[in-house]
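Enquirer: Below is the sequence, then the predicted model.
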Amino acid sequence: MKVKRILKTAAVVFAALICIAGAVFYAYTLPVNVELDELNKEEAIVAGKYTFLFDTENGSFSVAKNDITIFADAVSAYKADKEIIKTSAYSKFDIAEEEIDSGKKITVSMFADSLNDLVQTFCFYDEKDYFTTQLSIQSDNGVQTNYIAPLLIENNKLQNSTYKWENALEIPSDNDQWAEFKVKKLYEKAESYEVGALFTSDNGSGFVLGSLNHDVWKSGVRFKGSFGKMQTAELYCGASDPKTGSQIHGTVSGKTVSSPLMFIGVYDNWKDGMNEFAEVNTEIQPKRASVSDSVPIGWNSWGSVQFDINYDTAVGISQYVKDNFQDTWQTDGENVYINLDSGWDFLSDEELKNFADYCHSNNQKAGAYWGPFVCWLNEEEMKENYIADTEYTYEDVRLKKSDGTYYGNEVDGCFPLDVTHPAVIKQAERIIGKIKAAGIDYVKLDFLVHGSFEGDFYDKSISTGIEAYNFGMKYVTDLIGDDVFVNLAMSPTFPYQYANGRRLACDSYYHIGETEYTLNSVTYGFWEQMLYEYTDPDHLVVWGKEADATEAEARSRITSGVISGTSFLTGDNFIKPSGNTDEAQARFMKMLANKDVIRVAKTGKIFTPVITDVKNRTANIFRLETDGKLYVAVLNYKDKNAAFDIDLDGKKYNTTELWSGNQQIAEGTLKVELGSNDAALYELTEINESY
C-alpha cells in the first residue's frame, strides 16, 4: 500500500509539473501582438504602408505594417573599442521628417556624453512593401569599427499572431566547397550572408532583411530562436569570412563610418520579397551590361575532357557541335559557345588563336578560363618562381592575415594572392592580354572567393575583404572589356556587377545527388537571376567521363539545366567518349537535340520552386509562366518510383510532356509518375471553354 501511495503521489506531482511546464511554454511562446495603441499611436509616424515609432525614453524603435506590429523596441548597435554600444545607451534624440520621391524619410540623430554621435535614417515608400535604413557613426576624432547593426531585435519582440513565420532561410555567402541553402527551424540558430528571411512554407508570408551596398562591408543576418519562437534577429555589417572564420572583418575608419543601406520588408509571399530585394539592389548598382541577346548554349571542356584538353580535341568538339547540334541550338541566331576550361594554357598562343578562329568560322564563339586571385604552386615553388615580367615571387604576393602571417591553402588547395599587389595586377594584364589577342569571346573566372578574404593588403587604403574584391574584380573585368561574356564559377554572390552570369552552386556533373544539390540553389536562390543575366547550373553531362550516367540521371540533369536560368553548357567528350561509342552518340542526340526541350531552355528564365516540405533539401516541382504557356518540371531524386500531384489552380490544360511527346488533358490536377532518378518537363496550354 505504501508503494502505491508513493506512486500515486509521484504521478500527481508529475502531472502538476507537466501542467506548469505547459503553462510556461504557452506563455513563453505567445506571439508578440503589440497593438498600435501600446506603441503610443499619437506619437507614431505613418509612412506608406508602415507606421514608425521612435521611443526617446529608451533609444528604441518599433515598426508596424498595415496596423500590425512587426517588431517592437528594436535598437541599433555598433562596436567601439571592443565594446558593443547600443542606441539604448544614448540620452538625447532629435527626430526629423521630410518628404522624398514617393515616400518619407525619417532621420534620428542621437547624442550622449563620451559616445560617438549617431545618425540613423529610415526611408518608407508609398507603394512598397519594404523600407530602408542606414546607421552612421560620427566623430571629429575619428571612428574605427568592424561591426554596425542597424537593426537588432531582442527579447522576443519579433512576430505576432498574424505573421507566423516558422522557418529561417540561411543563405551562403558564396558557392564554394559545396555550400548550399538551408532552412532552419525557430529553435535553431541561423547565420545568413547579405540577406536572410523568415518565412512560412511555399507561398506564405515572409520577413526579408538584407544589404543593398556591397562595396566595403560583408553583411549578415542572424536569427536565434527557442521553443518555436524567434527570440532575436540581427541585421548587421562586419560578418567574418565563412571560409576563414578565424579572420574577423577588417576595420573601417573615418570621421564618419556608415553601414550599408539595409533593406527590411514584410511580404504576403516571401518569394516576392526575395525578388524585390534583388531588384532594389540593381536599382542602386546596375548589373553588368549584356553582351549576348540569347542564352549561352554550347560546351565546356571541364565536364569530361578536363586536363586532357588539346588543340585537336577542342576543334573536334567545335566541328561535332556544328554537325550535330547547331541546327537545334541556333535556330533563332543564338550564340553557341565552345569553352575551354582549366588546362587550356597547355595550348600555345598560336593554338589558342587558331582555336578561336576555327570556332568563329563555324559561327560559334570561343571561351577560356582563369583563376586570377589564387596560386596553385606549393610553398617551396612559390618562393622560387617569379611572376613574369616582375621582380616579385609568388611568395611575395601571397595574402597575409591581419596579424601578418600568411594564409595557407586550406581552402580549395590553392593559396590566396593579394589582389591589390602591383605584381598581381601585372599578371592579370599579361594573361588577359593573351586571351584578348586570341579573340576569345567568353571568360570564366574561378576561385574568386579567395579575393574576398580579409587581410593585410599591399594597398593600405583598402582595409576589408570586400573592398579588395571590388578592387580586383574591377581591374580584371576592365581588362577583359565590355564585349566579352564574363561568367563566375566559385565566387561570392555579392557584389554582382562584374559578370553576365554566375554559377548557382559548386561543381556538378550528372549524378542525381549533384542534380539535387544544384537545384537546391534554384529552390532558394531563384532570386539571383535578378542580379545576373544568366544563372549557371554548371556542366550538363549526359554520358560521363566514366560512361556511368544512367539515362534517367541524364534526363534529370538536362532538365535541371533547362529550368536554371540558364547557361546551358554541355560537358561530354562528344568525339571520344568512354564506353560504347554508338550508345554514347545515341544518348547525346536524344538528350541534346530535342528541339522542344532546348526551346524551353532558350527562354533564359529561371523556374519558380513549389516547396511542399521545407524538410526536403530541394523542391521536386518547378513552374514557369511565359508567353501564354505554363511549364512544369518535375524531378524524382529517389532510387524508387514516385508520384506527384501538380495543382493547376482549378484550370484545364492541354499538356505535352516534352521528353516523350506524350499528350493529355489535365483539369485541376496534373498527375505525374516518375521512375527512380528521373524527370519530366511539361508544356501546358490553357483550355478556355467560356463563350
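Expert: That came in fine, so what should we check first?
Enquirer: So, low pLDDT: which residues of this structure?
Expert: 1-42, 159-161, 227-228, 245-246, 690-691 (pLDDT under 70).
Enquirer: Please enumerate the helices of it.
Expert: Taking DSSP state H, the helices of the chain run over residues 2-29, 270-284, 311-324, 326-329, 349-361, 379-384, 422-438, 465-480, 512-525, 551-562, 581-592, 595-601.
Enquirer: which residues touch Lys605?
Expert: Taking CB atoms under 8 Å, 6 or more residues apart in numbering, we find Lys605 in contact with Gln529, Gly565, Leu624, Thr626. Using the backbone N, CA and C atoms, a C-beta is placed for each residue, glycine as well.
Enquirer: Excluding sequence neighbours, find me the nearest residue to the first one.
Expert: Spelled out, that is Gln529. Take Gln529 and drop its neighbours on the chain: the residue closest to it by CB to CB, 6 or more residues apart in numbering is Ile606, 4.5 Å away.
Enquirer: so that neighbour sits right up against Thr523, yeah?
Expert: No - counting by CB atoms under 8 Å, Ile606 stays clear of Thr523, with 10.9 Å between them.
Enquirer: residues touching the residue nearest to Gln529, list them.
Expert: Going by CB under 8 Å, 6+ apart, the list of residues near Ile606 reads Val522, Phe526, Glu528, Gln529, Thr535, Ile563, Ser564, Gly565, Thr566, Leu624.
Enquirer: got a markdown table for the residues you listed, with distance to Leu352 and neighbour count too?
Expert: Shown next, in a markdown table, are the contacts of Ile606 (distance: CB to CB, whole Å; neighbours: other CB atoms under 10 Å):
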| residue | distance to Leu352 | neighbour count |
| --- | --- | --- |
| Val522 | 34 | 28 |
| Phe526 | 37 | 24 |
| Glu528 | 32 | 22 |
| Gln529 | 32 | 23 |
| Thr535 | 28 | 25 |
| Ile563 | 34 | 28 |
| Ser564 | 29 | 31 |
| Gly565 | 29 | 27 |
| Thr566 | 27 | 29 |
| Leu624 | 38 | 18 |
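Enquirer: Just flag the most distant two among those residues.
Expert: Glu528 and Leu624 (15.6 Å; CB to CB).
Enquirer: ok, Val252 to Gly220 distance?
Expert: 15 Å (CB to CB, to the nearest Å).
Enquirer: Pick out whichever of these two has more residues nearby.
Expert: Gly220 (26 against 22; other CB atoms under 10 Å).
Enquirer: Tell me what that one is bridged to.
Expert: Tyr193, Tyr236 (DSSP bridges).
Enquirer: so who does it touch?
Expert: Counted by CB under 8 Å, 6+ apart, Gly220 has contacts Glu191, Ser192, Tyr193, Glu194, Gly196, Glu234, Tyr236, Cys237, Gly238, Ala239.
Enquirer: 6 Å instead?
Expert: For Gly220, the contact set (CB atoms under 6 Å, 6 or more residues apart in numbering) comprises Tyr193, Tyr236, Ala239.
Enquirer: any idea which of these is closest to Lys615?
Expert: Among the contacts of Gly220, and counting by CB to CB, the member closest to Lys615 is Tyr193, at 22.7 Å.
Enquirer: so the closest one makes contact with Asn175?
Expert: No - between Tyr193 and Asn175 there is no contact under CB atoms under 6 Å: 11.5 Å.
Enquirer: Please identify which of these two sits among more neighbours.
Expert: Applying other CB under 10 Å to Tyr193 and Asn175 shows that Asn175 carries more neighbours, namely 27 against 22.
Enquirer: re the thing from before, Asp312: which of the contacts of Ile606 is nearest?
Expert: Nearest member of those to Asp312, counting by CB to CB, is Thr566, at 29.7 Å.
Enquirer: I'd like to know how far the residue lying closest to Val374 once chain neighbours are set aside sits from Lys86.
Expert: Excluding the flanking residues, the one nearest Val374 by CB to CB, 6+ apart is Cys414, at 4.0 Å. According to CB to CB, Cys414 and Lys86 sit 41 Å apart.
Enquirer: Check Asp176 too.
Expert: 34 Å.
Enquirer: what about the closest residue to Lys224 other than its chain neighbours, neighbour count?
Expert: Spatial nearest neighbour of Lys224, excluding adjacent residues (CB to CB, 6+ apart): Thr232 at 4.7 Å. For Thr232, the number of neighbouring residues by other CB under 10 Å comes to 17.
Enquirer: repeat for Glu283
Expert: 8.
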